[in-house]
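K.L.:
Just the structure for this:
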Amino acid sequence: MKNKTLLIILGILAIIAGFFAILNPLAGSIAATLIAGWSFLILGIVQIIAVFQETSWGARIWALLLAVLAIFAGVSLLAHPLAGMISLTYLLAILFIVSGVFKIVASFGLDAGNWKWLVLVSGLLSLGLGILIMMNFAEAALTTLGLLLGLQLISDGASMLGLALAARKIEKA
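P.N.:
The predicted model follows:
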């Protein structure tokens with residue numbers, strides 16, 4: 001009973017936070033940048049712990065290199081969130097473009113049918129979003145991350161509510 005109630009509360013809070021991020025995408029973008037910064041910093045610290053778990057020197061060097069890189073990225077994003085927001089938006093645009101191109105190419109390798117067209121449409125949307133971000137970069141850098149964070153929070157909140165309500169129906173049956 002407590003877990004379902006907690007899921008409902010978290011779901012509602014996530015949806016509300018998502019709407020706030022969409023209504024104020026600049027604040028949402030800064031929040032997304034800070035979340036990424038803390039994530040990289042924590043990842044780097046955990047990776048340093050992993051260095052001592054490795055047995056070979058080659059693996060230790062790679063683990064240490066990745067740890068230092070993650071810590072540097074985390075500190076950089078936390079120390080300069082506006083510059084980090086621009087960098088993350090640029091990387092996101094590149095990710096959308098590359099992902100879109102790969103999906104489009106992959107769709108031509110699929111047999112004719114519904115799945116082929118879904119992959120092609122997904123690829124075209126990803127490519128279009130990446131190009132749209134690049135063409136309108138000055139505005140996109142200030143809002144894109146916040147809008148995506150808001151959409152993700154709303155999606156997560158809806159899934160939590162759905163899980164809680166499904167659990168209640170199963171429990172009643």
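
K.L.:
so where's this protein uncertain?
P.N.:
Judged against pLDDT under 70, the low-scoring parts of the chain cover residues 1-2, 173.

K.L.:
In terms of secondary structure, what does the host helix or strand of residue 8 contact?
P.N.:
Here residue 8 is covered by helix 2-23, with elements defined by DSSP states H and E. Of the remaining helices and strands, those touching helix 2-23 by 3 or more Cβ pairs under 8 Å, 6 or more residues apart in numbering; DSSP states H and E are helix 25-51, helix 137-172. Every residue, glycine included, has its C-beta placed from N, CA and C.

K.L.:
Let me know the angle separating the helix or strand where residue 92 lies from helix 25-51.
P.N.:
In the assignment (DSSP H and E), residue 92 maps to helix 81-108. For helix 81-108 and helix 25-51, the angle between their directions (axes from the mean of the first three to the mean of the last three Cα atoms, to 10 degrees) works out to 80 degrees.

K.L.:
List the buried residues for helix 81-108?
P.N.:
Buried residues in helix 81-108, counting neighbours by 16 or more other Cβ atoms under 10 Å, are found at 81, 84-89, 92-93, 96-97, 99-100, 103-104, 107.

K.L.:
now for it, which elements pack on it?
P.N.:
The contact analysis (3+ Cβ pairs under 8 Å, 6+ apart) places helix 81-108 against helix 25-51, helix 57-79, helix 114-135, helix 137-172.

K.L.:
Now find how far off-centre that helix is within its chain.
P.N.:
12 Å (Cα atoms, centre = their mean, to the nearest Å).

K.L.:
Stretch 32-44 now?
P.N.:
Between the centre of stretch 32-44 and the centre of its chain there are 12 Å (Cα atoms, centre = their mean).

K.L.:
what do you get for stretch 141-159?
P.N.:
Using Cα atoms, centre = their mean, we find the averaged C-alpha position of stretch 141-159 to lie 9 Å away from the chain's own average C-alpha position.

K.L.:
In it, which residues are buried?
P.N.:
Neighbour-count burial for stretch 141-159, with 16+ other Cβ under 10 Å as criterion, is recorded at 141-150, 153-154, 156-157.

K.L.:
Stretch 106-115 now?
P.N.:
Neighbour counts using 16+ other Cβ under 10 Å place residue 107 of stretch 106-115 among the buried residues.

K.L.:
Distance across it, terminal residue to terminal residue?
P.N.:
The stretch stretch 106-115 measures 11 Å between its terminal residues, going by Cα to Cα, to the nearest Å.
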